[in-house]
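Peer 1: Next come a sequence and a model predicted from it.
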Amino acid sequence: MKFPVLFVACLLPTWSYADTPQSIQDHYVASAGAGFVASAARGERFFQQRFALSDVMPSCASCHTTQPVKAGEHVVTGKTIKPLAVSANADRFSRLDKTEKWFDRNCKEVVGRLCSPAEKADFVAWLREVR
Amino acid sequence: MKRLCLALLSTVLMQAAWADKLPMPADAPPSYGEDCGGCHMAYPPALLMADDWQKLMLNLKDHFGTDASLSTSAYQEINRFLVANGGNARRPGVSDRSLRITKTPRFLRKHDEIPARMWRDPRVKSAANCEACHRGAGTGRFSEHDLVLPELRGR
């Protein structure tokens, strides 16, 4: 009896389907430090900001469009990218590991550094809200 | 004799039809679509030689100008998948130093009638964008008889 229970208990941390946009935002808010409050307005400004690193993809909007309720397109390959806004795509921000992976990649490529938990929290807040 | 000729002819024709169908092998790991297929189409491994895939995978930090590094587990399963399913010598042929699918002899031969300006057309953007012209590319269908762009049909 003990073994099956222990086995199931060990699996629990690996189940990430339970993530939601809200829980992912909460995770970043908690990591951002005491007293931090996420701001969708700040998140939108960050999303639209043109960084100086890459001529080809100066901003998040370069691939995800300035209106993330719409499908975007990879600026180099032309591949269709499904909408980033949760209101247009229920799959977005449903897995923390996947969210983290793409923040890591894309922040390095566009911003030139890893994004902070505060920036990620704001970003998710806006994408949860935008319609 | 007639029957033999007919049998041989149909086999040859079927080979030609098969050549345009390059389905994704059933053992594709989910990470292939999620990681590799995030920025460009998840290419059927048969489009590139196994050795070329291997070389590509050894330099993901500079993957056509991007850092496409993977987690250890994703790297191992994708690498194994690509090398195991990479095209053989008769099909794509060896690419050039760039390791691009679009520089394999087969690709060049199949697309030699396409004017250079098509690759820069805003509807296409890049030769890496198979789906811009090949409607069924996502499911491994590259027939020249099922093209999206009207000016390419009936060539």
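Peer 2: Alright, I've got the coordinates. Residues are numbered from 1 along each chain as shown, chains lettered A, B, ... in the order given.
Peer 1: interface residues of chain A facing chain B?
Peer 2: Within chain A, the positions near chain B by CB under 8 Å from any CB of the partner chain are A:73-74, A:76-80, A:98, A:101-102, A:105, A:108-109. To be clear about C-beta, it is placed using only N, CA and C from the backbone, and glycine gets the same treatment.
Peer 1: Quick one: buried ones out of the residues you listed?
Peer 2: A:73, A:74, A:76, A:77, A:78, A:79, A:98, A:101, A:105, A:108, A:109 (16 or more other CB atoms under 10 Å in any protein chain shown).
Peer 1: Let me have the residues you listed in CSV, adding pLDDT and secondary structure as columns.
Peer 2: CSV is the format used below for these (pLDDT from 0 to 100; DSSP: H, G, I helix; E, B strand; the rest coil):
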residue, pLDDT, secondary structure
A:73, 95, strand
A:74, 97, coil
A:76, 94, coil
A:77, 95, coil
A:78, 95, coil
A:79, 95, coil
A:98, 95, helix
A:101, 96, helix
A:105, 95, helix
A:108, 96, helix
A:109, 95, helix
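Peer 1: Between the residues you listed, which sits nearest chain B?
Peer 2: Nearest to chain B out of these is residue A:78 (CB to the nearest CB; 3.3 Å).
Peer 1: I'd say the closest one and residue B:127 touch.
Peer 2: No - assessed by CB atoms under 8 Å, residue A:78 is found out of contact with residue B:127, at 9.7 Å.
Peer 1: buried stuff in stretch B:33-45?
Peer 2: Using 16+ other CB under 10 Å as the test for burial, stretch B:33-45 gives B:35, B:36, B:37, B:38, B:39, B:40, B:41, B:42, B:43, B:44, B:45.
Peer 1: burial measure for the nearest residue to residue A:115 once chain neighbours are set aside, as a count.
Peer 2: Of all residues not flanking residue A:115 in the chain, residue A:107 sits nearest, at 4.0 Å (CB to CB, 6 or more residues apart in numbering or on different chains). When neighbours are counted by other CB atoms under 10 Å in any protein chain shown, residue A:107 registers 19.
Peer 1: Contacts only, for residue A:107.
Peer 2: A:113, A:114, A:115 (CB atoms under 8 Å, 6 or more residues apart in numbering or on different chains).
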